[in-house]
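In: I would like the atomic coordinates for the input below:
(chains A and B)
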2 protein chains.
Amino acid sequence: MVCPNRYDWKRLEQFATAIFVRAGVSTRDAETVARSLVHADLRGVHSHGLARMPVYVERISGGLIDFSKAPVILRKAGATAVVDGMNHLGAVVGEAALQTAIEIAGKNGTAIVGVRCSNHFGACSYYAEQAIQKGMILFVMSNAPQTMAPTGGIRPFFGSNPIAAGIPAGSAPPFLLDMATTVAARGKIALARKKGEAIPKGWAIDERGRDTTDPAEALRGALLPIGGAKGYGIAMFVDILCGLLAGAGYGPGVHSLYDNDEHPQNVGHFFWALQIESFMPLPLFQQRMDQYIQQIKAEPKAEGREEILIPGEWEWRTAKERQVSGVPLPDTVVCELAALGSTWGVELEDARIQ
Amino acid sequence: MVCPNRYDWKRLEQFATAIFVRAGVSTRDAETVARSLVHADLRGVHSHGLARMPVYVERISGGLIDFSKAPVILRKAGATAVVDGMNHLGAVVGEAALQTAIEIAGKNGTAIVGVRCSNHFGACSYYAEQAIQKGMILFVMSNAPQTMAPTGGIRPFFGSNPIAAGIPAGSAPPFLLDMATTVAARGKIALARKKGEAIPKGWAIDERGRDTTDPAEALRGALLPIGGAKGYGIAMFVDILCGLLAGAGYGPGVHSLYDNDEHPQNVGHFFWALQIESFMPLPLFQQRMDQYIQQIKAEPKAEGREEILIPGEWEWRTAKERQVSGVPLPDTVVCELAALGSTWGVELEDARIQ
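Out: As a prediction, the model looks like this:
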């Protein structure tokens, strides 16, 4: 039986690349953005996959993303650097920052790269995965448009400010944590409102700062951070490094990807790379990781649980499976991409597995 | 009116120093440990203050801490270093690692220092505060004896694995986040059992992995991480850097401070220092921080909230106040310290504010 809604990941990349190229982006940059988006769909993280393509293209067409100038390294000092994204596509900026971090860490054992004037750069895991393949540990963060209130406040001030960490293993799946510092994504709350469903307590507060399970009230209020004041602290830490220190926007200075058609986003990122070989031979570390992961997975299970998963393991398996049997895109995404394709004269059907 | 239970912080440091010195520790090292403990009491974090002194001294007497050899820098490579704590007192090891990180970051803009063979090193904030005073950003973490289960498991495997970050401001209080990756401390659950009180849902699971509000069941089960699988991921990240990479114990290889009188703890730490001047002049950054903090504090408040606090602000204020009017030690701590003092011939009463 052929699943009617499965797409070949390589051909999805070609589809996305072709559209970006027709929108004026260079082939190389278009390929980078396409890879970062399909990476997320492969991992089952559709919120950061091709679903973002229409708005990326819209912002290109609206002149809010500028791909005419490549990101530049503003300054290198010791094991640190600052990259100016020049308002290019976020994934292109992120890729430039990652390569800078890997190069510096190769020489100095570690590297810190702050990034300003960027845009939504896709899933953090895209960068972490590449660092893993180079035998490096990567800790990457990004600030984001406001959705979360500070503890004690009621109005969104911080974004979901994600943090991610990638650590290589040997034969075991690598450690790959990629998480928002909010409990839930705003998109999930919007979906609950659409379906007329309540949301769990602990996701959001209303306009007066009270816990709410009403998605409409939550959308007028603010998202809650994980762990209460702890998550607020982490989100603020991310905002300070990505924004104040790297020289990007911060707090309300990071503009929305969707609701702002006047200003570039001015997102900031922060990359910290660490070369394992500065501490021990990579194969020894990989062996330790494999044993450690086995040890955790062998721990006794909670009632009703068959398996203990390592961070990123489900996504890793999903990607392996989808590379073989195709990517099942959500129906709404298929509709949007098909429409986008027809606007730019690129056929989504060509990527479908027949 | 004189509060009967207030102690002068400087004289508390002298009290603790005198006991450590009588137990054989050098004056300089004794002063370091005393400072780290009183630092926590000043900030109102009594769980990491002088309450730890009796067990520190017990482990010294039992030969489980070895202060005969100073911590050594095993290896320096680029902007990274590995410190072997030589099983010295944790605060002495932490201080050595911090100074190494500050020195390397001064030359390279950033520094990574992994630490092995250490012991409980007190509150992470002690190190973050010192880095702040040097105009640096510090991110510090430590692994710890097992209290938390991996998501899907039931048995403690990770510790409360704290992370902390310090960032200087100008005239505003600095940003100082210092948090366990568990929702609650095990000590709080033990206290609830003692008082016969229930614990909030979300703190712990029982031996079968089910949510529990019974502190006795929780103590037989495991603590829960913040944010579910997200906190599990952070705790594992901390354990990998502090343990596997730095060469210390990890998972069940980190031994208890209290319940293990046979093995050194072999705790691992990880210090990441960042020199602000590599990014921008410190005064400019401090000015940005002040404005940013003012902006957050000026946000509208939730019902019943008078103020929005910055991470570490309450502790910062508490310390300022206690430096002037004395440290109110909990009664149980007073009893334990008085007994310890009488064993070693040092009078706690001398530190009391009359």
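In: and residue A:19, what does it touch?
Out: A:30, A:53, A:57, A:340-341, A:344, A:346 (C-beta atoms under 8 Å, 6 or more residues apart in numbering or on different chains). Every C-beta, even on glycine, is put in place using the N, C-alpha and C of the backbone.
In: Which of the three states applies to it?
Out: Following DSSP: H, G, I helix; E, B strand; the rest coil, we place residue A:19 in the helix state.
In: before we move on, the earlier item: so which of the contacts of residue A:19 belong to helices?
Out: Judged by DSSP state H, the contacts of residue A:19 include A:30, A:53, A:57, A:340-341, A:344 as members of helices.
In: Including pLDDT and distance to chain B, could these go into TSV?
Out: Output for the ones in helices among the contacts of residue A:19, formatted as TSV (pLDDT from 0 to 100; distance: C-beta to the nearest C-beta, whole Å):
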residue	pLDDT	distance to chain B
A:30	98	32
A:53	96	27
A:57	97	32
A:340	98	33
A:341	98	36
A:344	97	38
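In: who's in contact with residue A:142?
Out: A:121, A:124, A:161-162, A:238, A:242, A:267-270.
In: Now the closest residue to residue A:214 other than its chain neighbours. Its backbone dihedrals?
Out: Spatially, and ignoring its direct neighbours in sequence, residue A:214 is nearest to residue A:198 (6.8 Å; C-beta to C-beta, 6 or more residues apart in numbering or on different chains). The phi and psi torsions at residue A:198 (degrees, to the nearest 10) take the values phi -80, psi 160.
In: what's in contact with the worst-scoring helix or strand of chain A on mean pLDDT?
Out: Every helix and strand in chain A was compared by mean pLDDT, DSSP states H and E; the lowest is helix A:186-195, with a mean of 91. Under the criterion C-beta under 8 Å, 6+ apart, residues A:47, A:147, A:160, A:198-199, A:203-204, A:215-216, A:218-219, A:223 lie in contact with helix A:186-195.
In: In the sheet, which strands lie alongside the very next helix or strand once past it, parallel or antiparallel?
Out: Downstream of helix A:186-195, the next assigned helix or strand under DSSP states H and E is strand A:204-205. When sheet partners are counted by DSSP bridges, strand A:204-205 sits next to strand A:211-212 (antiparallel), strand A:222-223 (antiparallel).
In: for chain A, which helix is longest?
Out: Across chain A, the longest stretch assigned as helix under DSSP H is helix A:90-108.
In: Packing partners of that helix?
Out: Applying 3 or more C-beta pairs under 8 Å, 6 or more residues apart in numbering or on different chains; DSSP states H and E, we find helix A:90-108 packed against helix A:27-42, strand A:80-84, strand A:110-118, helix A:125-133, strand A:136-142, strand A:267-275.
In: Buried subset of the contacts of helix A:186-195, written for ChimeraX?
Out: The following ChimeraX line selects those of those that are buried, judged by 16 or more other C-beta atoms under 10 Å in any protein chain shown:
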select /A:147,160,199,203,204,215,218,219,223
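In: Identify the bridge partners of residue A:137.
Out: residue A:274.
In: got a list of what it touches?
Out: Applying C-beta under 8 Å, 6+ apart, the residues near residue A:137 are A:131, A:165-168, A:273-274, A:276, B:241, B:245.
In: between the longest helix of chain A and strand A:267-275, how big is the angle?
Out: Calculated by axes from the mean of the first three to the mean of the last three C-alpha atoms, to 10 degrees, helix A:90-108 forms an angle of 30 degrees with strand A:267-275.
In: Alpha carbons of helix A:90-108, as CSV, please.
Out: Taking C-alpha atoms only, helix A:90-108 is exported to CSV below (Å, rounded to 0.1, in the frame of the first residue of the first chain):
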residue,chain,number,x,y,z
GLY,A,90,18.1,33.1,9.6
ALA,A,91,19.3,29.7,8.5
VAL,A,92,22.0,31.3,6.3
VAL,A,93,23.1,33.4,9.2
GLY,A,94,23.0,30.5,11.6
GLU,A,95,25.1,28.4,9.2
ALA,A,96,27.7,31.1,8.9
ALA,A,97,27.8,31.4,12.7
LEU,A,98,28.1,27.7,13.2
GLN,A,99,31.0,27.4,10.7
THR,A,100,32.7,30.3,12.5
ALA,A,101,32.2,28.6,15.9
ILE,A,102,33.5,25.2,14.6
GLU,A,103,36.6,26.8,13.1
ILE,A,104,37.4,28.8,16.2
ALA,A,105,36.8,25.8,18.5
GLY,A,106,39.0,23.7,16.3
LYS,A,107,41.9,26.1,17.2
ASN,A,108,41.0,27.1,20.7
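In: For it, list every residue counted as buried.
Out: A:90-106, A:108.
In: Off-centre distance for that helix?
Out: Centroid separation between helix A:90-108 and its chain, computed with C-alpha atoms, centre = their mean, to the nearest Å, is 16 Å.
In: for stretch A:53-72, same thing?
Out: 18 Å.
In: now do the same end-to-end measure for that stretch.
Out: With C-alpha to C-alpha, to the nearest Å applied, stretch A:53-72 spans 24 Å between its terminal residues.
In: Need the contact partners of that stretch.
Out: With C-beta under 8 Å, 6+ apart as the test, stretch A:53-72 has contacts from A:16, A:19-20, A:23-26, A:29, A:33, A:37, A:83-89, A:92-93, A:96-97, A:119-120, A:257-258, A:261-265, A:336-337, A:339-340, A:344.
In: From those residues, list the buried ones, please.
Out: Looks like the contacts of stretch A:53-72 have A:16, A:19-20, A:23, A:25, A:29, A:33, A:37, A:83-89, A:92-93, A:96-97, A:119-120, A:257, A:264-265, A:336-337, A:340 buried, using 16+ other C-beta under 10 Å.
In: Okay, domains of chain A per the record?
Out: Domain assignment for chain A, taken from automatic domain parsing, gives A:1-63+A:313-354, A:69-182+A:225-298.
In: Could you dump those domains into CSV and include distance to residue B:152?
Out: Formatted as CSV, these follow (distance: least, C-beta to C-beta, whole Å):
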stretch, distance to residue B:152
domain A:1-63+A:313-354, 11
domain A:69-182+A:225-298, 9
